[in-house]
Structure formats: C-alpha cells, structure tokens
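Participant: got a predicted structure plus its sequence, pasted below:
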Amino acid sequence: MQYVKKVKLGLLGAGTVGQSLIRILEKEKDRILRNHGVLLEISKIGDRSYEKKELLKSYHCTKNLFEVIEDQTIDIIIELIGGINPAKELILKAIENNKSIVTANKALLANYGKEIFDLIKQKQEQKIPVTIGFEASVGGALPIIKNLRRIWSFGNIHSLVGILNGTCNFIITKMEEGLEYQEALKIAQEKGFAEADPSFDVSGKDAGQKLAIISSLGSGCWIEEKDIIIEGIENIQKVDHQIAHKWGMVIRLIAICKYIKNQLLLRVHPALISKNHLLADVKNEFNALFIEEEYSGSTFIVGKGAGGFPTASAVLADIMSIASGSTNPWFMEYKNIEIIKDAEYRFYLRFQTIDKPGVLAAISRVLADFEISIASMHQEEGEEPVNVVIFTHECKESSIYKALEIINQKKDIILAPTIALRVLN
Ligand SMILES: NC(=O)c1ccc[n+]([C@@H]2O[C@H](COP(=O)([O-])OP(=O)(O)OC[C@H]3O[C@@H](n4cnc5c(N)ncnc54)[C@H](OP(=O)(O)O)[C@@H]3O)[C@@H](O)[C@H]2O)c1
C-alpha cells in the first residue's frame, strides 16, 4: 500500500485508554492511511505489567519506560500512565529528545503544565517542531481544547461554566432520583463510572485539575490546581436534592472560570441551579461546558467525558494532527491576573437542629453578626434532627464560612455539620 508518511509511536501505559487506542489503531489503520496518507505504527510499548495483557502479545514491549523515549526512531510519545511521577520526568526527557507528546494526563498538566510548555516553547524557538496534544486531558472526546485553542488564537473568553466530572454527575443525578449518596456511589462503581477509592472524583479534585487546564487556555495565564477553590459532593444528602426540587432547582457539581471586572473567578463546587438551566439537563455520566466568548458568543458542548474509547479517540485525533505536521504553538505570552479570593453568592444553608424554641433565633443572630441577610427560612417537618433551611441574599463566602464555624460549634442545638451550597443564577 502506498503511503506519504510513516509515523512511529511510542506508547507509555497500556491500561484502559492505552488498550483502547491500540484497538482503534488496529481497526482504523488502513482508513487513516487512505484518508490522510499517514501510516501510524506503534513501535514500542512501555508498561509495567505488559506480560499480563493479551492484546500486547504481538507488540514490542518493555518495562523500562525510558527505553521508549530514548528510541531515536520514535516520532511521537503517547503518555497514558497517568499521575505525576514518573510521567513528568518521562515527558520532559522526551521533549528534550525532540519528540512530540500526546497525553491525557490532567494531573500533570494542572500542576506542571508551565514547565512542560516552557520546554516546548524553547524547542520551537530553536525551530525544532516539537509540540504537545492534550485534548484527552479534559472531557474525553469532547472538543473542548480545540475550541479553546481557537479562542486563545484571536478572541477573549468571558466565562467557562461546566460539568467536568462524570462520576459526580452520575452520583448526583442518581440521588436526584431518590438514592442516598452511598447507594448512588455503589451503582457508579458497579457500572465502572467510579473507582474503588472515589475520593479523587467526589472531592472535586478531578474537575479542579480540568478547570486549571481550560482556564489557563482560556485566560492565557497559567492557572494551577492550587489557585482554584474546590469543594466536593460527599456531604450532600438526598434531602438536599428533595429541597432543591421543591424550589424549582437541581444540584450539580459546577466548574467555573469567569472574568469579573478583569479579575478571574475560579471555583469547583456543588451548586443549586434552576431546573430550566441547560446544565440541569446534563445527567448521569455526561459532561458539558458552556463557553462565552468575544466573537462566537455562547457555545455549549456536551457528551461523554471519559471512558476508554472516547478518550482514546481524542488521543488519536491529536496524534493525527501532529502526524500531519501541526506544531500548534501555545502560551507564547504570559500575563498576570488577579484571582478572586472571596466572591459573593446567594447560599442555601441546611441546619440539622433539635426541635426546640430559640433555635432559629440563635442561628439568625450569628448570621446577622456576619451581615448575612436571610431571604427565606423554612423548617422541614419531621423527626430530629430537624432540617432548617435558609436561603440567604448575596453575601461573602468568607462570611458564610466564619458564621458556620461558630454555629456548628453549638452542639446543644446543632446536631450535624451544616450543609452550605451556593445558589447560581
Ligand atoms: N480512563 C478514562 O476514562 C480517562 C479519561 C480521561 C483521561 N484519562 C487519563 O488517561 C490516563 C490513563 O488512564 P487509564 O484510565 O488508561 O489508566 P490505567 O487503566 O490505570 O492505565 C495506566 C497504565 O499504565 C501502566 N503504568 C502506570 N504507571 C506505570 C509505571 N510507572 N511504569 C509502567 N507502567 C505504568 C499501568 O500498569 P498496571 O496495569 O500494572 O497498573 C496501566 O497499564 C490518565 O492520565 C487518566 O487521567 C483517563
């Protein structure tokens, strides 16, 4: 068969995504050759347990991942081992060896992206065509990075608001249907949407790392995970969904990057949103992102944000783009930006109290001390602990945190830590 160009790939990590990539390449190799004139060949695979993986039997495999990046015949390194170490060292070394990278590693990019991109920049300044593809690091097959690349080139984002973690969204929507957190988590684990240890997802950390990447691209400045205020979904109970429902709202884990008066708001947290909001219709393992931008206005991207094949298809799209000669320079300018530390929101507060006179007065007194104004207050009927729900007017996050610290210490009337959720317009 005729081909224009042969591109040799070195794969680091043949797990869920790596093996899906191998399967797609095996199936679609001829079509890629026919349509793009590029013959993609996996030359070497680095994986610590390759002997146990049937699919890898016909490939040249090694446990020594450095052997792959030192192979002079390999053009593109595909890093799919995940985590910081040794992925960081491997990627930096591969770039030093003038190899382009494709990665799905959000943890690495959200914490060490600058170091990696700076090295690529140095190479590009020396006219060495090294680049990095990372579409798969955020939202699996959703074309998020592609869109942000366009904005980065010639536009300005106003905001990015989305649902970036399928595990949390699955759990949340199952709770909406009437399950408690642990029941919903169990189903998510059975269906393969949640890990045995789900803490990385349910703490909001995974969505936070993805937000760090997309807000860096959107703003043109380096945002790291530590710049983002992150709250998870672990403490929300079925009753919070039921109360939200009564008020015409639903709960979603929302990631936000928004310019407000030239400052950047960066948050990942559960929030109450109107049932009529488009994000309210994003259910189960689906991800979604609203992009508000100078020229194209509003764009809404929705789809399955994870899984072997969707993620591998994004990896392959990046490989194709690099194999076709794209070097896509990124982040050539750095600007400093002020990050908003303390923002104002309306809050939903659910206090779990004893059923005695004076409780509401005690709570309101502390809220008043911190200038938190109450918009409405309701006591849910039922046995102790009784749920007292307060919706506040807009107030500072810091005021809420301080007031709740005091209220939660009133063990004689408060029986469990208070649930505080932002209410978004
Ligand atoms: N899975 C998804 O849906 C998804 C979605 C978006 C992004 N991603 C990202 O894609 C990357 C890969 O995810 P995955 O789900 O494919 O992970 P995975 O199933 O755990 O695969 C990782 C593979 O790399 C191997 N490996 C890990 N550390 C190694 C080391 N130090 N030396 C040699 N081999 C090593 C593992 O070997 P063992 O089998 O022995 O552990 C495994 O085969 C991660 O960065 C992840 O965040 C995944």
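Facilitator: Structure received.
Participant: quick one: the strands in the stretch 301-425 of the chain?
Facilitator: 338-339, 344-353, 374-379, 386-392, 395-396, 414-423 (DSSP state E, counting those that start in this stretch).
Participant: wait, residue 59 touches residue 42, no?
Facilitator: Yes. Contact criterion C-beta atoms under 8 Å: residue 59 and residue 42 qualify, at 6.1 Å. The C-beta positions use only the backbone N, C-alpha and C, and glycine is treated the same way.
Participant: tell me how far residue 148 lies from the ligand.
Facilitator: The gap separating residue 148 from the ligand is 17 Å, by C-beta to the nearest ligand atom, to the nearest Å.
Participant: give the contact list for that residue.
Facilitator: 157, 214, 217, 218, 291 (C-beta atoms under 8 Å, 6 or more residues apart in numbering).
Participant: need the pLDDT of it.
Facilitator: Note for residue 148: predicted pLDDT of 88.
Participant: skip the chain neighbours and tell me the closest residue to residue 64.
Facilitator: Using C-beta to C-beta, 6 or more residues apart in numbering and skipping the chain neighbours, the partner closest in space to residue 64 is residue 46 (6.9 Å).
Participant: domain ranges for this structure?
Facilitator: The chain breaks down into these domains under automatic domain parsing: 5-137, 144-304, 344-423.
Participant: the ones you listed: which one's closest to residue 326?
Facilitator: domain 5-137 (7.2 Å; C-beta to C-beta).
Participant: what residues are shared contacts of residue 59 and residue 42?
Facilitator: residue 22.
Participant: of these two, which one has the most company?
Facilitator: residue 42 (21 against 16; other C-beta atoms under 10 Å).
Participant: distance to residue 312 added to the domains of the chain, as CSV?
Facilitator: Output for the domains of the chain, formatted as CSV (distance: least, C-beta to C-beta, whole Å):
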stretch, distance to residue 312
domain 5-137, 4
domain 144-304, 13
domain 344-423, 35
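Participant: to residue 311, which of those domains lies closest?
Facilitator: domain 5-137 (4.7 Å).
Participant: now find how far off-centre that closest one is within its chain.
Facilitator: Distance, stretch centre to chain centre, for domain 5-137: 22 Å (C-alpha atoms, centre = their mean, to the nearest Å).
Participant: can you tell me the average pLDDT over that domain?
Facilitator: Rounded mean pLDDT across domain 5-137 is 96.
Participant: also stretch 235-254?
Facilitator: 97.
Participant: next one: the residue located most distally from the centre of the chain from residue 380, what distance?
Facilitator: Distance from the centre of the chain peaks at residue 357, with 44.6 Å (C-alpha atoms, centre = their mean). As judged by C-beta to C-beta, to the nearest Å, residue 357 and residue 380 stand 17 Å apart.
Participant: what's the answer for residue 165, then?
Facilitator: In terms of C-beta to C-beta, residue 165 sits 29 Å off from residue 380.
Participant: neighbour-wise, which of these two wins?
Facilitator: Between residue 165 and residue 380, counted using other C-beta under 10 Å, residue 165 has the larger neighbour count: 31 against 13.
Participant: was I right about residue 70 contacting residue 99?
Facilitator: No. Here residue 70 does not reach residue 99: they are 9.9 Å apart, not a contact under C-beta under 8 Å.
Participant: ok, these two, which is more surrounded?
Facilitator: Of the pair residue 70 and residue 99, residue 99 is the one with more neighbours under other C-beta under 10 Å, namely 22 against 14.
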